[in-house]
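*Asks:* What would the 3D arrangement of this be:
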Amino acid sequence: MTTRWLSLSDLAVDLSSLRLQLLDHAQLLGFSGVGVSAPQLEQDGEKLQRLWQQGYGGNMQYLVKHGSKRWRPEELVPGTLRVISLSMSCWPPAADSLSALADPDRAYIARYALGRDYHKVMRPRLAKLATWLYQTSGIHQGRAFVDSAPVLEKRLAEQAGIGWIGKHTLLLSRQQGSALLLGEIYTNIPLPIDIPVDNHCGSCQACMEICPTRALRAPYVLDARLCISYLTIESREDIPESLRPALGNRIFGCDDCQLVCPWNRYARTTQERDQQIRHGLHAVHLNELAYWDEALYEHKTEGSALRRIGYTGFMRNIAVGLGNARPLAKNLQAIAHLQRHPADQVQRHADWAARNIERRLATAQHAVCPDPETTACPTP
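*Replies:* Prediction:
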């Protein structure tokens, strides 16, 4: 690199130019938002520790495993002066979310997981951007992350002006809504920083009111132990029986708080080819998934975020969904099939599904449909 970097005046000019080039290059790589922050996260670290002490983190030990590295970026990557935050829209077109939730026999999968695993989509692009940054500046040192290290990514993105953290604890953007994937580049380059945007949630509490399990204990406070995304993805334990009816047909994550958020009226569907819907998983029925063996699961979820849960967890969630589905003969047959599953956890949840169907039938005095292809059973 030329010696002009040794001049403070030239350095300021070059950094401003570099930042503008960075924005342009990030957009060329498909990122919908980009911003730079000089992270100040001590208060966030204190809040995280308080929530953990209250038990709101569930069993996610990784939230505190690395201690202050999560809120002190310079401890995670020595020499860090700035964090470049990047976002990418992940809402697939024609995902048909509301009708999928309204049909108790269909499996609902969080919209971000219908396409290719976002780690695989974003990681190589972040690597390309980091390489470009080094080649252009000659001085960049740091690391890139996509949900792969102790990083307070939402707070960093908020400080970088990409959006604000909503009452549902997700990042919100006036232009992009909340269907955002986030990544970061830690760098030693003292780039000019962006100005955070104002919070525009106002008095709205739609996300808190819609949450099926009331996991949002207060504005901006999430109890992971009640969150459907935690229960169906992060947790490897049995799902508490008291919460199973609230899961409905949600077998991987939950989008309810995003579906009712007014700002998502302005959210754009992703144009990324890798994030288009795969294998028709936006419209698949629970009783179809119940017959997947592990080999078929591995095939259908190759390169997908659905791999995170593992085959046993996937079938556990399907069993719960079937317990909340209509008492169609084919659903009951699927439950009986899962009661013979080799995994004890799946058997336990399938046994609950059978009992729950029986209870609902007894309460509503409904019978099993004689012809499940032509006759719709009312839902108790």
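
*Asks:* And the pLDDT for the residue nearest to residue 86 when sequence neighbours are not counted?
*Replies:* Spatial nearest neighbour of residue 86, chain neighbours left out: residue 31 (4.5 Å); criterion: C-beta to C-beta, 6 or more residues apart in numbering. (C-beta placed from N, C-alpha, C; glycine too.) Residue 31 carries a pLDDT value of 94.

*Asks:* Let me see the ranges of the strands in the stretch 1-150 of the chain.
*Replies:* Per DSSP state E, counting those that start in this stretch, the stretch 1-150 of the chain has strands spanning 33-37, 82-89, 108-109, 142-145. These are given in chain order.

*Asks:* next one: the stretch 151-300 of the chain
*Replies:* Using DSSP E, counting those that start in this stretch, strands in the stretch 151-300 of the chain cover 164-165, 171-172, 180-187, 216-218, 221-222, 250-252.

*Asks:* ok now the first one, how far from the chain's centre?
*Replies:* Right, the one you point to is strand 164-165. Computed by C-alpha atoms, centre = their mean, to the nearest Å, the chain-centroid distance of strand 164-165 equals 15 Å.

*Asks:* And the last one, by the same measure?
*Replies:* With C-alpha atoms, centre = their mean as the basis, strand 250-252 stands 12 Å off its chain's centre.

*Asks:* ditto for the fourth one
*Replies:* Here strand 216-218 is found 18 Å from its chain centre; the criterion is C-alpha atoms, centre = their mean.

*Asks:* List the buried residues of it.
*Replies:* Using 16 or more other C-beta atoms under 10 Å as the burial criterion, the residues of strand 216-218 that qualify are residue 216.

*Asks:* Quick check: which helices or strands does that strand pack against?
*Replies:* Judged by 3 or more C-beta pairs under 8 Å, 6 or more residues apart in numbering; DSSP states H and E, strand 216-218 is in contact with no other helix or strand.

*Asks:* which residues touch it?
*Replies:* 56, 167, 168, 169, 207, 208, 222, 223, 257 (C-beta atoms under 8 Å, 6 or more residues apart in numbering).

*Asks:* Out of those, which is nearest to residue 41?
*Replies:* Closest to residue 41 out of the contacts of strand 216-218 is residue 169 (15.6 Å), distances taken as C-beta to C-beta.

*Asks:* so where's the stretch 1-150 of the chain uncertain?
*Replies:* Applying pLDDT under 70 to the stretch 1-150 of the chain flags the ranges 1-13, 94-95.

*Asks:* switch the cut-off to 80
*Replies:* 1-13, 92-95 (pLDDT under 80).

*Asks:* Residue 260 versus residue 233, what's the distance?
*Replies:* Residue 233 sits at a distance of 21 Å from residue 260 (criterion: C-beta to C-beta, to the nearest Å).

*Asks:* do residue 290 as well
*Replies:* Relative to residue 260, and taking C-beta to C-beta, residue 290 is found at 30 Å.

*Asks:* cool, residue 121 as well?
*Replies:* 26 Å.

*Asks:* who has more neighbours, these two?
*Replies:* Set residue 121 next to residue 260 and count neighbours by other C-beta atoms under 10 Å: residue 121 wins out with 22 against 16.

*Asks:* Low-confidence ranges, the stretch 201-350 of the chain, go.
*Replies:* Where the stretch 201-350 of the chain drops to pLDDT under 80, the residues are 266-275.

*Asks:* for it, what spans make up the helices?
*Replies:* The residue ranges that make up the helices of the stretch 201-350 of the chain, judged by DSSP state H, counting those that start in this stretch, are 206-210, 228-229, 244-247, 256-259, 286-289, 294-300, 310-324, 329-338, 344-364.

*Asks:* what's the most buried one of those?
*Replies:* helix 310-324 (a mean of 25; mean count of other C-beta atoms under 10 Å).

*Asks:* Tell me how many other residues surround the closest residue to residue 125 other than its chain neighbours.
*Replies:* Of all residues beyond its chain neighbours, the one nearest residue 125 is residue 29 (4.6 Å), with distances taken as C-beta to C-beta, 6+ apart. Neighbour count for residue 29, taken as other C-beta under 10 Å: 17.

*Asks:* Quick one: residues contacting residue 29.
*Replies:* Residues near residue 29 by C-beta under 8 Å, 6+ apart: 125, 128, 129.
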